[in-house]
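Undergrad: Test case, fold it:
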Amino acid sequence: MRNRLRHALFGAPQTPTKVGRYVVLEQLGAGGLGVVYAAYDPELDRKIALKLIHPSRVTREAAQRLQREAQALARLQHPGVAMVFDAGAYGEGAFIAMELVDGVTLDVWARTGGLRWRAIRDVLVAAGEGLAAAHRQGLVHRDFKPKNVIVDADGRPRVLDFGLACASGPTDRGDAIATTSQSIGLLHEALTQTGATLGTPRYMAAEQFAGRADARTDQWAFCATAWECFYGIPPFPADDVVTLRQRVAEGVPAPVPPGNPTPAWIERVLRRGLEATPSQRFATMEDLLTALRRDKQSRKRWALALVAVASLSAVGTAVAMEALRPGPTQASRAEVENLEREARAAAADGHFIYPSAERPEAGTALLRVLALEQLQGPSARDAHARATELRRELAELLVGIGDAYADRVGGTAFAADYYAAALLFDPEHPRATVRSALTPGELTSLRRKAEATAFSPAELQAGRVLAALAEPSAPAREAKVAALFRGKDRPAISTSVHLDALLGAQTEQAVREGSTQAPAPAAAPVEPSLGTAAAPRAEDRTSASSLRKGNTSPVRADSEIERGLAAMRRGDDEAAEQAFHRALNADPRSVAALLALSDLYFERGAYQKALGYARKATTLAPTDAKAHVQRGDTSFKVHRYDEAREAYKTAAALGDPGGTRGLERLTTRLGAP
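TA: Residues are numbered from 1 along each chain as shown. The predicted structure is shown next:
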């Protein structure tokens, strides 16, 4: 058999067979791209692994790309990735010379008896660190699976073939494997020679079936691999590729086997990494690994041990250090008091994390808290204590404001921003954590912007709205809302729709007062804040509430909806979004426009926005079953399971099978109510 392979690849057998300077020793394995051999490098006197790529799999462009990726991997030199030494052409094909790892594949290693969950976790994290390092080099694996990870005798894993699945460039869309009559046999086979999407179906995310892949696709494959290592079963069991693809698209993994010792928090981490929508996964591989490193029991035991050891030596020295420490001066006490006063003043004005758009130099409550925490010297202890108290107090205040708006029509989007702000003051606040629906990556991005006051104009505008709504006095709040609509920087139409639903007549009065101002000039597109929609064009910036009395145009709204749907079909989401907002501008009570926007934001992964529009649709049309299904789907995505259940029940009672399917999905996720 070996001689026939050599003859097919190299022509007549030679003794020894050489590829460039490398002497081929024996075959180690074969796959869709080619054959892997053990080989000897006489120049450096070492054994290597030599992968020969079939000529049928390598075009000239693909060979050049393969070599570039090999060069990038050669620069990587990460302990979690098998090193690549060389790459080049061989005849009509190509070769890659890489580190020869003596060990077993990850699936074989994980089946070794007696392994504890922490040992499995540690090896997976080490392999994941290799993935993360390669992602930083712009490389995507596309075929991460247990057989592409080798664990050596010391328990050190190495990811193999990183980037090689990209060697042939873009391929046909994954529809090719959904209809094949041989789909059962393809479940465990790497699809690298059938004309279908590269990868192995059992470890392919939903977008990879559609021919797309990025770093979050590798994250999904990593979590599918980890699920098998921890629980001994795949997360989406299926007998054929068609069923597998459907289950992956639904994004609800199978229940874990009863009695498995793996902690529940690991299951929650993996479930997030296995979300069908990429935006619902962790922002980066590093964020996923950070979540997997969490081990409360270990941390607690370590902390207790440190306390026990430290207490033996610290008691005697603490008294002496306290006696020698100089007391706070009048100036240092005044500095602490000023920072605390400024923090409370900023919070009273609603500038918790967003600065005033008119006076950004005035700072925010968060910046003052950070300044207190950074103080050194004799007043440091007092400063840190006050900062801790401010964090607790302001987080509770923000959560309270969020709760006040969360369950009111039009208030969900604003509540999400208050919960997010609360997490910047108290990252562990339980209610804010549950209700903010922020990914760790989004929270990190928001924190960086808040600490550097690096917000976009649209985000500063969103901050103005949040500051106005945080005002506890109703008359002052009405005045602040009215002020939002004066001048050129008025709220976007989508924000106006939320304000209209939330405040009703207050917004109408504000718009009437603001409508006497000159129309705002067209602005360049800017990034929206969390919980708010993108700013529309200048001609769309009339508030929906100003059209309610006598100026609605359902015919125009329907026309704009058709334009939006046509734009979605051709993939122009921006044009679709603008058209749907124009439809709402023409008829603020258009349920079709609300559901179209909800669908659009749902597809983008902006589930909080989608939920806000779905809620208003069900309020306006309580007998519209489709609206309730949409509300159920969006509630499910942001983990509001009670709301999802009620929406699905209503839809099912109205005769929509989507409601029944939604209830079944909830039962699969949570068990019977």
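Undergrad: all contacts plus neighbour counts: C-alpha atoms, from now on.
TA: OK.
Undergrad: partner residues bridging the nearest residue to G20 once chain neighbours are set aside?
TA: Of all residues not flanking G20 in the chain, Y90 sits nearest, at 7.7 Å (CA to CA, 6 or more residues apart in numbering). Beta-bridge pairing for Y90 (DSSP bridges): G93.
Undergrad: wait, Y90 sits on V19?
TA: Yes: between Y90 and V19 there is a contact under CA atoms under 8 Å: 6.9 Å.
Undergrad: residue contacts, L663?
TA: Applying CA atoms under 8 Å, 6 or more residues apart in numbering to L663 gives the contacts R645, Y648, K649.
Undergrad: Give me the distance between it and Y405.
TA: Between L663 and Y405 the distance is 27 Å, computed by CA to CA, to the nearest Å.
Undergrad: The stretch 151-300 of the chain: helices as residue ranges?
TA: 175-178, 206-209, 215-231, 241-250, 264-273, 285-293, 296-324 (DSSP state H, counting those that start in this stretch).
Undergrad: How is the chain partitioned into domains?
TA: 1-100, 103-294, 553-673 (automatic domain parsing).
Undergrad: export those domains to TSV and tack on distance to L398?
TA: Putting the domains of the chain into TSV (distance: least, CA to CA, whole Å) gives the following:
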stretch	distance to L398
domain 1-100	42
domain 103-294	24
domain 553-673	18
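Undergrad: so which of the ones you listed comes closest to D426?
TA: Comparing those against D426 with CA to CA, the closest turns out to be domain 103-294 (17.7 Å).
Undergrad: which stretches of the stretch 451-600 of the chain have low pLDDT?
TA: Scanning the stretch 451-600 of the chain for pLDDT under 70 picks out the ranges 487-490, 492-498, 500-552.
Undergrad: could you redo the last one with a cut-off of 50?
TA: Within the stretch 451-600 of the chain, the ranges that satisfy pLDDT under 50 run 505-551.
Undergrad: residue ranges for the helices of it, please.
TA: Going by DSSP H, counting those that start in this stretch, the stretch 451-600 of the chain shows helices at 457-469, 474-484, 493-503, 505-514, 554-569, 573-586, 591-604.
Undergrad: Now do V36 against P157, distance only.
TA: From V36 to P157 the distance is 19 Å (CA to CA).
Undergrad: Looking at these two now, which is surrounded by more residues?
TA: The residue with more neighbours, out of V36 and P157, is P157; 28 against 21, by other CA atoms under 10 Å.
Undergrad: contacting residues around that one?
TA: G80, V81, L106, V123, L124, A126, A127, V149, I150, V151.
Undergrad: Does the fourth one touch D154 like I think?
TA: If I follow you right, that is V123. No: counting by CA under 8 Å, V123 stays clear of D154, with 10.7 Å between them.
Undergrad: Looking at these two, which has the bigger crowd around it?
TA: When V123 is set against D154 and neighbours are counted by other CA under 10 Å, the residue ahead is V123, at 20 against 7.
Undergrad: what about the more buried one, which SS state?
TA: Under the three-state scheme (DSSP: H, G, I helix; E, B strand; the rest coil), V123 adopts helix.
Undergrad: Give me the distance between the closest residue to it other than its chain neighbours and R142.
TA: Using CA to CA, 6+ apart and skipping the chain neighbours, the partner closest in space to V123 is P157 (6.4 Å). Counting by CA to CA, the gap from P157 to R142 is 18 Å.
Undergrad: that's a strand at I48, yeah?
TA: Yes: membership of I48 in a strand is supported by three-state DSSP.
Undergrad: Please give me every residue in contact with it.
TA: A38, A39, Y40, D41, A97, M98, E99, L100.
Undergrad: measure the last one to G259 for me?
TA: With distances taken as CA to CA, L100 is found 38 Å from G259.
Undergrad: any low-confidence regions in the stretch 251-400 of the chain?
TA: 296-325.
Undergrad: One more pass at 70, please.
TA: For the stretch 251-400 of the chain, applying pLDDT under 70 flags the ranges 295-328, 360-361.
Undergrad: before we move on, what about the stretch 101-250 of the chain?
TA: For the stretch 101-250 of the chain, the stretches with pLDDT under 70 are 113-114, 162-199.
Undergrad: re earlier: and R615, which of the helices of the stretch 451-600 of the chain is closest to it?
TA: The nearest among the helices of the stretch 451-600 of the chain, by CA to CA, is helix 591-604 at 9.1 Å.
Undergrad: List the contacts of that closest one.
TA: Contacts for helix 591-604 (CA under 8 Å, 6+ apart): 279, 557, 561, 573, 577, 580-581, 583-584, 607, 609-614, 616-617, 620-621, 627, 630, 634.
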